[in-house]
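Enquirer: Task: produce atomic coordinates for the following.
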Amino acid sequence: MAIHLHDKRIRLRTILFILSLAMIFIVSAGIHAQQSKQTPSPKHCLWLVKTPQNKAVYLLGSLHVLKSDAYPLPKAINEAYSLSQKVVFETDLAAMTDPAVQGKMMAMGLYPEGQTLFQNISDEMQSSLKEKMTNLGMPMEHFARFRPWFMAVSLTLMELQRLGFSLEYGIDIHFYGKAGMDEKEIGFLEPVDFQLELLGKMNARDQKAFLGQTLKDLDVATQMADDMLKYWKKGDADNLYALLFKSFEDYPQIENRLIGQRNRQWVKKIEEMMAEEKNMFIIVGAGHLIGPGSVVALLKEKGYRVKQE
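Expert: Below is the predicted model:
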């Protein structure tokens, strides 16, 4: 059944960002002082895994926000999609438009009536937040009840939009709509509720650290976004990993929650899907496919033949 997203993109925008993009900017501390590695660059952020039945499983590292000029995508990516009978996403994007799901997200993202963000963060963080919101031209009173994690992802989204990025051009949205129109089989690696809880159930200490780091990262957001896009286009896994994971050195518990645990669960799910004996095109955030402990690394450890395309 075809899935049409044009009339749903506005409703998906904030939810998708919260669920799958938030970790991009939490891991960016120290980027402006980091040197790029001079390594040979593969072609694309795309990996081919051969199954025991000699079927192809393509792993595409997604950037959840892009600019319109990112399209058309490289030929190798479109060919991998065309050769696949099944397209797999992190979660069911259409389910996120369910009012019940949206209501649950808002319940997790907002303080109860009578509580405010400023009651729960330091004076220094309040001052920095007010300054950032003024620079973005956004009235702080509209965000008074936002919990720190919800405020952090909202700030990041607003900054990315200011820089010309949009979820409408993200890899996930693009292929989700295309798979629906092409009537391909669609699968998912984890339920929507699980993704909602990734940040929604983060403890108060980690939420404040998340917001504090985001406020710092906005100062280098332009350079980070440009570098991230450059490395992704070149398939430069080493530099992309260095860019995205630098600050996880200070937040190992958040890295494990957002990345490590999920990678291990996804590998189990991917192995189960391999039994279907179909060519598959699996799209997940690029951070899940690079570096030690990634889906790619874990599959190699299990003996699968994996190569970057």
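
Enquirer: surely residue 209 meets residue 216?
Expert: No: judged on Cβ atoms under 8 Å, residue 209 makes no contact with residue 216 at a distance of 10.8 Å. Any C-beta I mention is one placed from the backbone N, CA and C, and that applies to glycine too.

Enquirer: Those two: which is more packed in?
Expert: residue 209 (20 against 15; other Cβ atoms under 10 Å).

Enquirer: what's the helix or strand for the more buried one?
Expert: Applying DSSP states H and E as the criterion places residue 209 in helix 204-217.

Enquirer: who does that helix touch, helix- and strand-wise?
Expert: Counting contacts by 3 or more Cβ pairs under 8 Å, 6 or more residues apart in numbering; DSSP states H and E, helix 204-217 packs against helix 22-26, helix 123-136, helix 148-162, helix 252-255.

Enquirer: Using CSV, write out the CA atom coordinates for it.
Expert: Provided in CSV are the C-alpha atoms of helix 204-217 (Å, rounded to 0.1, in the frame of the first residue of the first chain):
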residue,chain,number,x,y,z
ALA,A,204,17.2,14.9,35.1
ARG,A,205,21.0,15.1,35.4
ASP,A,206,21.6,13.8,31.8
GLN,A,207,18.9,16.1,30.5
LYS,A,208,20.6,19.2,32.0
ALA,A,209,24.0,18.0,30.6
PHE,A,210,22.3,17.6,27.2
LEU,A,211,20.9,21.1,27.3
GLY,A,212,24.1,22.6,28.5
GLN,A,213,26.2,20.9,25.8
THR,A,214,23.7,21.9,23.1
LEU,A,215,23.9,25.6,24.2
LYS,A,216,27.7,25.4,23.7
ASP,A,217,27.5,23.5,20.5
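
Enquirer: which residue sits closest to residue 264, ignoring its sequence neighbours?
Expert: In space, and not counting its chain neighbours, residue 264 is closest to residue 298: 6.8 Å by Cβ to Cβ, 6 or more residues apart in numbering.

Enquirer: hang on, residue 88 is in a strand, isn't it?
Expert: Yes: looking at residue 88 with DSSP: H, G, I helix; E, B strand; the rest coil, it is inside a strand.

Enquirer: hmm, back to that, could you give me the buried positions within the helix holding residue 209?
Expert: For helix 204-217, the buried set under the neighbour-count rule, 16 or more other Cβ atoms under 10 Å, comprises 206-215, 217.

Enquirer: Give me the angle between it and helix 148-162.
Expert: Here helix 204-217 points in a direction 20 degrees away from that of helix 148-162 (axes from the mean of the first three to the mean of the last three Cα atoms, to 10 degrees).

Enquirer: what packs against the helix or strand following helix 204-217?
Expert: The first helix or strand that comes after helix 204-217 along the chain, using DSSP H and E, is helix 221-234. Helix 221-234 is packed against helix 22-26, helix 148-162, helix 237-245, with contacts defined by 3+ Cβ pairs under 8 Å, 6+ apart.

Enquirer: most neighbours per residue, which of these?
Expert: Greatest average neighbour count among the helices and strands packed on helix 221-234 goes to helix 22-26 (a mean of 25), per mean count of other Cβ atoms under 10 Å.

Enquirer: what packs against the next helix or strand after it?
Expert: On the C-terminal side of helix 22-26, the closest following helix or strand by DSSP H and E is strand 46-50. The elements that strand 46-50 packs onto, with contact taken as 3+ Cβ pairs under 8 Å, 6+ apart, are strand 56-62, helix 75-82, strand 305-308.

Enquirer: how about 10 Å then?
Expert: Judged by 3 or more Cβ pairs under 10 Å, 6 or more residues apart in numbering; DSSP states H and E, the packing partners of strand 46-50 are strand 56-62, helix 75-82, helix 261-274, strand 280-285, helix 295-301, strand 305-308.

Enquirer: Buried residues in the longest one, which are they?
Expert: Of all the residues in helix 261-274, those buried under the rule 16+ other Cβ under 10 Å are 262-263, 266-267, 270, 273-274.

Enquirer: about what we covered before: so which of the helices and strands packed on helix 221-234 comes closest to residue 171?
Expert: Residue 171 lies closest to helix 22-26 among the helices and strands packed on helix 221-234, at 13.2 Å (Cβ to Cβ).
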